[in-house]
Structures are given as structure tokens and as C-alpha cells.
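Participant: Predicted structure and sequence below. I'll ask about it afterward.
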Amino acid sequence: MTTPPSSTDATTSEPAGTEQPDVEVMPPDTVDAEAKERPVRISRLWFYARSHLRILLIGGTLTFFGGIVGLVQPVIAMSIIETLGDGDPLGNLLWILGGAVLVGAVLEAFGPYLMQRTGQNIILTVRRRLVSQLVHLTVPEVDRLKSGDLVSRLTSDTNLLRTVASTTVIGGLTAIFMLLGGLAVMAWIDLVLFAVTLSMAAVVTLVMLVVMPRIGAATRESQTALGDMGGILERLLGAFRTVKASGAEGREMASLDKAAVEARDKGVTVAVWEALAGVLAFLPVNIAFLVVLGLGGARVADGAMTIGSLIGFLLMLFYLMGPIGSLVQALSQLQTGLAAVARVEQVDHLDAEDLSDGAPTSAAGSSTEAARVEFDGVEFRYEADLAPVHRGVSFTATGTGLTALVGPSGAGKTTIFSLIEGFYPATAGTVRVDGRDIGDWPLRELRSMIGYVEQDAPVLHGTLRENLIMAAPEATDDDVARVVAQARLTDLVGRLPDGLDSAVGARGVTLSGGERQRVAIARALLRRPRLLLLDEATSQLDAANEAALRQVMLEAAGRTNVIVVAHRLSTVTSADQIVVLDAGRVRAIGTHADLLRTDDLYRDLATEQLLTAES
């Protein structure tokens, strides 16, 4: 999509013989600040995990019982020590302890495996939903956002969501149960030492309540910085040859390095808070260990408790370090996951198109007649505070025939196609197709009847055949052969190693500019459209191919309605009508011969291109 001019640019005319795209100022890259600050509650995790709840519960249960078995081990060890102290035979205690260790290890391994596998299924579900949302975004939303940041949400953020939705919550709950169980066993062993341990647990809880929100805020900033870096990288790769040809590698590297440093700094901030959380969580435990060791030793000396009970209590204290570590990690990951959920769900609040109604995109509609297009007093601006692109545009393109849109760069020619396709709504006035307001058409049905060739004629990564049948996947080999011949692609197909099944590279890098334009034209013709929109469709063709494609355009105009944007007037001198646009207004409509006589601007454009009768 093009970018709009300031009000002064709209009236500036480029030399008519040069190939200048319409330049129409787009709104700046901004992110919805309200969506950015929208809070996300932990209950939102249920939305992602609920369809996998059964497997998650099985995995969580196995992990929980593994923890229970681990909780029993210090008690068994205490019994062994007391039995040895009393001089009694151990019996099966060692076998029981060994079995508990083995069973606990198996349970704690298989449970997390189930949750990790379920996490992968969760991330697949989320990514499918997110891809659907991204593909259905409106053109204005995509135009103003950074595609690299959107890619980051689909990859990095969803990966963080996988961890928190599968293992973090259940792991955290399991750790809480283990802590409560361990504290209960400690209370059973010795209430005095339990009181010391409980006071330390209270300190850990207070620390977590203070630190965890900081981790969440730092994580959100870190993910945003990663998205910004992705946006800069996408810009670099999107214009890679231009960057190299301009010798701008250093400047682009500097921008990317600055973004990478920013992402690093934000990541370090997260690491600092997480490290602080770990230290502040384990420091009270270590203090409790020293206190329990000293106080417990004194109680053993006084005969208030046995040495076996003290060792069992200390073993339980050591055992609780695992659940405490798991809980700290779970809380940290929870903050990270909620930040990821917030970024993923911001996409839900972007404007999306409703394509639920209407015919399939590959169908050209029930009618085969050429579509009628009417512009009635159309005004359009991209934003309320920007200069208007259109100021009361009115014209009609009826039935079969060729209508050409000409005028200086920035006159609003390409935007006319965006309004016809329903990419943008008109600010005022009415755009009608077949007598029906664009806003009343189901978008899928509207676009199914239109063939559209953009200015830059994009070719997607994949094979030549995949690019040709994109808009008409049901096309037969004969249909493809027909448009290949029409678009003068026969030589190209014969030259490629695998013919139509040859890969064309990212953005069609293996094709010339003219070949990409012919591929785009063939793609549009293949769907047999009722309305054909050609935006500078021959701008990159040599004279021979331009003449051939001009003939194809005229042949298409014999059976459908063709509207073409043209700077090179030689391609449209045979048009049934030519609409001259200037500064967002229609200044004249007529044939080439009529306009040479009646319109000064058109005459100037034609004179500069040596198309006047005198020359």
C-alpha cells in the first residue's frame, strides 16, 4: 500500500515520462496504547488450557503424587535413624525407602512429560487462532503496525504462553501442596521448630508479593523490546538490496544494534528481579536451617526431642527447598506468561474484517457480466488530522470497456482501488459496485469478482504455479496454460528448470520486475474477474512486452470492466474513457483525443510523453 502526501505534495506533478508511484500519506506506526495497558488476569490462562484439561490434570496428578512420595522419604529416613539408634533391626525400611525413591523419580518424570506435550498442543491452538486473527486484520491496521512485532507475538510470545499454560500453574499448585504437606509433617515432628520455620515461610511470602509484580512489568518491557527489534529486522530484510545499494548497512546495523542492546537491557532487568526473588526466597530458608540446627541441638541435649527427629526435621527442611524453588520459578514464569498473554490478546482488539459471509474467494460470483463501478462525491482521508486524499471524486465505469485513471503522483489514483476493494471505507460519499454500496457487500463476495494487480506486483515465496493459482485454486492446467500465453510468460516457463513448479524465491527474487508484473497479471486473469483493476501493470515492461500486454488489456476489456492506473499514457490512449485526477479531484473525463483538446493538464502530460498529435 502507498503512503499519503502532505497537502502540498498533492498538487506537485512529476515529469510525466517518469514512473512515479502514487504517494499518499499513511498514519504513523503506532500501537493501541489502551490495548497495551489492558490488564490480564490469571483466569485468562483457563481460556487456553481448558480444552486440554484432562491431560493436564493427569500430568499434574502424577507430579503431585511424585511429590507426595518425595515427602514421605524424610519420614522413612527418620524412622531408619531412630531404629538404628534403638538397636532394632531395620527390616524392610531400606527397601521401602529405595522403592519410594524409584517410584517418585518415575512419577516426577512422566508427569512433566505429559504437561510439556500438552503445552505444545496448547501453543498450536493459540497459534492457529492468532494466525486467523492476523490474516483477517483490516488493511489500515496492518499498514500502521510493525509486521516484525506481529511475528514476535506469533513466535516468541506464544512460546512463553506454552510454558505458563501447561506447567507453571500446575507446577506452582503442586509446589504449594508440597509446602503445606511438608509444614504439616514438621508440625507433627516438633511444634517449636515448626514455629521457627513458619515465620521464615511468612517472610518468603511477603517477599514474593513485593517482587513478582516487578518481574511482570520488566517482562512486558522485555517482550516489547524484542518486538521492536523484530520490526527493525523486518524493515532491513524487506529492503535488503536497497540498503546495500545505498551503502546503508552501517546505519541499519546501528539501528538494529541499538534495539538489540535495548532488548538486552530489558532482559537483564528481568534477570535481576528473578535472581533477587531467588535469593530472597532461599535466604530465610537458610537462616531457618541454622536456627533449627542450633535450637534443635539444644532441644536434643535437653531431651525434648530425639536425634532422629532432628535429622528428620532437617531433611524435611532440605526437601522443602525444592518446592520453594519450584514455587519461585512458577511465580516468575507466571508473570512472564501473563505478559505474553497480554501481547497475544492485543491482537484480538485490533480491527478485523468479517469474511464469514459471501461466496468463496476463488469464485467470481453468480453473474458473468462485467461489474459496474460508481463513485459519487467520494471523500477520503486516512486520519482525521491528515489532508484529504479525495475531495468529491465522481465517475462511472460501466459494463465492458477500459477506464484509465491518470494524473500527477499523489492525486489519489491508487486509493481508488483500495476503496473499491473495501480495504478502506470512504470518509464521505458513496462507492457502488453493481449499484450496491461497498459497505453492503460481503467482503468475500465482493473481492471474488475482482482481479487486482498491485503497483509492486508482489510474488510470494513458493512455486510459479502456486503464485498463479493463488486466487483460483480450482483452475485446470488448460486454464493456467491459457493465462501463461496471454501474459507472455511462455518463455519464462520454458526457461525455468522445473517449469511451472519451479521455486521463484522469496518475494519472487529470481524473477525480473517485468516478469513479476506479468505473473501478477496472469494471476488476476486466471480467476476470470468481472472487474479487473490494474495499478501501473506495465510500468516495468520493455516496449515489446508493453505493447503485447496492452493488447491483452484491450482483449480483457472486451469481456469485462477494466480500470487501470497509468502514468505512461501510451498504455491507455485507446481507453474508452480517461479520468484525469488532480489534487484529489476529478478535473476531466473523456477520450484521449477529447482531453488533448479540452484539458490543459492532460495535454501537458501527453506532450511530455510525446503523445500529442503535433509530435
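Facilitator: Happy to help now that I have it.
Participant: Any stretches of the stretch 351-500 of the chain with poor pLDDT?
Facilitator: 355-367 (pLDDT under 70).
Participant: all helices for it, in order.
Facilitator: Using DSSP state H, counting those that start in this stretch, the helices of the stretch 351-500 of the chain run over 413-420, 443-448, 464-468, 477-486, 490-495.
Participant: Output the first one in PDB with nothing but the alpha carbons.
Facilitator: The C-alpha atoms that make up helix 413-420 are tabulated as PDB, following Å, rounded to 0.1, in the frame of the first residue of the first chain:
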ATOM      1  CA  LYS A 413      -5.400   7.100  -8.100                       C
ATOM      2  CA  THR A 414      -4.200   4.000  -6.200                       C
ATOM      3  CA  THR A 415      -6.500   4.800  -3.300                       C
ATOM      4  CA  ILE A 416      -9.500   4.500  -5.600                       C
ATOM      5  CA  PHE A 417      -8.600   0.800  -5.900                       C
ATOM      6  CA  SER A 418      -8.300   0.500  -2.100                       C
ATOM      7  CA  LEU A 419     -11.800   1.900  -1.800                       C
ATOM      8  CA  ILE A 420     -13.200  -0.500  -4.400                       C
END
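Participant: hey, where'd the strands end up in the protein?
Facilitator: In the chain, the strands defined using DSSP state E lie at 373-380, 390-397, 401-406, 428-433, 436-437, 450-453, 531-535, 561-565, 577-582, 585-590.
Participant: Compare those strands and give me the one nearest residue 504.
Facilitator: strand 450-453 (16.6 Å; C-beta to C-beta). Every residue, glycine included, has its C-beta placed from N, CA and C.
Participant: returning to that earlier point: mind putting the strands of the chain into JSON lines with distance to residue 482?
Facilitator: Shown next, in JSON lines, are those (distance: least, C-beta to C-beta, whole Å):
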{"stretch": "strand 373-380", "distance to residue 482": "26"}
{"stretch": "strand 390-397", "distance to residue 482": "25"}
{"stretch": "strand 401-406", "distance to residue 482": "21"}
{"stretch": "strand 428-433", "distance to residue 482": "26"}
{"stretch": "strand 436-437", "distance to residue 482": "31"}
{"stretch": "strand 450-453", "distance to residue 482": "14"}
{"stretch": "strand 531-535", "distance to residue 482": "15"}
{"stretch": "strand 561-565", "distance to residue 482": "18"}
{"stretch": "strand 577-582", "distance to residue 482": "28"}
{"stretch": "strand 585-590", "distance to residue 482": "34"}
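Participant: Identify each buried residue in stretch 390-405, please.
Facilitator: If you call a residue buried by 16 or more other C-beta atoms under 10 Å, then stretch 390-405 has these buried ones: 390, 391, 393, 395, 397, 401, 402, 403, 404, 405.
Participant: who are the neighbours in contact with residue 400?
Facilitator: 370, 557, 558, 559, 560, 561 (C-beta atoms under 8 Å, 6 or more residues apart in numbering).
Participant: Residue 423: which of those is nearest?
Facilitator: Set against residue 423, the nearest of these by C-beta to C-beta is residue 561 (18.9 Å).
Participant: Quick check: the gap between that closest one and residue 130.
Facilitator: According to C-beta to C-beta, to the nearest Å, residue 561 and residue 130 sit 38 Å apart.
Participant: just residue 595 next, same as before
Facilitator: 50 Å.
Participant: do the same with residue 286
Facilitator: Distance from residue 286 to residue 130, by C-beta to C-beta: 44 Å.
Participant: hmm, back to that, looking at the strands of the chain, which is closest to residue 100?
Facilitator: strand 450-453 (69.4 Å).
Participant: Send me that closest one as PDB with only the CA atoms.
Facilitator: Taking Å, rounded to 0.1, in the frame of the first residue of the first chain, the C-alpha atoms of strand 450-453 are listed here in PDB:
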ATOM      1  CA  ILE A 450     -12.300  -8.600  -8.800                       C
ATOM      2  CA  GLY A 451      -8.900  -9.200 -10.200                       C
ATOM      3  CA  TYR A 452      -6.300  -6.800  -8.700                       C
ATOM      4  CA  VAL A 453      -2.800  -6.200  -9.900                       C
END
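Participant: Report the distance from it to the chain centre.
Facilitator: 26 Å (C-alpha atoms, centre = their mean, to the nearest Å).
Participant: now for the contacts of residue 400, which pair is the farthest apart?
Facilitator: 558 and 561 (10.9 Å).
Participant: With adjacent residues omitted, what lies nearest to the residue nearest the centre of the chain?
Facilitator: The C-alpha lying nearest the average C-alpha coordinate of the chain belongs to residue 150 (C-alpha atoms, centre = their mean; 3.1 Å). Take residue 150 and drop its neighbours on the chain: the residue closest to it by C-beta to C-beta, 6 or more residues apart in numbering is residue 134, 6.1 Å away.
Participant: Show me the helices in the stretch 151-300 of the chain, by range?
Facilitator: Using DSSP H, counting those that start in this stretch, helices in the stretch 151-300 of the chain cover 158-163, 169-189, 191-238, 240-245, 249-302.
Participant: Deepest in the core, which of those helices is it.
Facilitator: Ranked by mean neighbour count under mean count of other C-beta atoms under 10 Å, the helices of the stretch 151-300 of the chain are led by helix 158-163, which reaches a mean of 22.
Participant: tell me the mean pLDDT over it?
Facilitator: The average of the pLDDT scores along helix 158-163 is 71.
Participant: and what of stretch 257-267?
Facilitator: On average, stretch 257-267 scores 81.
Participant: Residue 558 and residue 561: who's more crowded?
Facilitator: Neighbour count, other C-beta atoms under 10 Å: between residue 558 and residue 561, residue 561 has more, with 26 against 11.
Participant: Verify the stated contact: the more buried one with residue 373.
Facilitator: Yes: look at residue 561 against residue 373 with C-beta atoms under 8 Å: they come within range, at 6.7 Å.
Participant: and for those two, which residues touch both?
Facilitator: Joint contacts of residue 561 and residue 373 (C-beta under 8 Å, 6+ apart) are 397, 398, 531.
Participant: between these, which is nearest residue 235?
Facilitator: Nearest to residue 235, judged by C-beta to C-beta, of those is residue 531 at 33.6 Å.
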